[in-house]
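Enquirer: quick one, what's the 3D model for this:
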Amino acid sequence: MAFTDDHTVGDIFVNLRTHLIEAAKSNQDVYYSGDTHWGPKGHQLAGQAIGKNLRP
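Expert: Residues are numbered from 1 along each chain as shown. Next up is the predicted model:
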């Protein structure tokens, strides 16, 4: 959830797939080798993408 300008709570959606695919295309190890789970870099990218969409 995120706060809107009138300070009410609203839903947000962050498409993490786009960020993860772009990073994987540039040879960043976002997934564990031979697995579909996020590795440390995948978690970092997800956190950064979500953080950009949150406001105090």
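
Enquirer: count of neighbours near residue 14?
Expert: A count of nearby residues for residue 14, using other Cβ atoms under 10 Å, gives 15. For the C-beta atoms, the positions are set from N, CA and C on the backbone; glycine is no exception.

Enquirer: now do the contacts for it.
Expert: Residue 14 is in contact with 49, 50, 53, counting by Cβ atoms under 8 Å, 6 or more residues apart in numbering.

Enquirer: identify those among those that sit within helices.
Expert: Residues of the contacts of residue 14 located in helices (DSSP state H): 49, 50.

Enquirer: quick one: the nearest residue to residue 49 once chain neighbours are set aside from residue 39, how far?
Expert: Distance criterion Cβ to Cβ, 6 or more residues apart in numbering; nearest residue to residue 49, sequence neighbours excluded, is residue 19 at 4.8 Å. Computed as Cβ to Cβ, to the nearest Å, the residue 19 to residue 39 distance reads 14 Å.

Enquirer: looking at these two, which one has more neighbours?
Expert: More crowded of residue 19 and residue 39, by other Cβ under 10 Å: residue 19, with 18 against 14.
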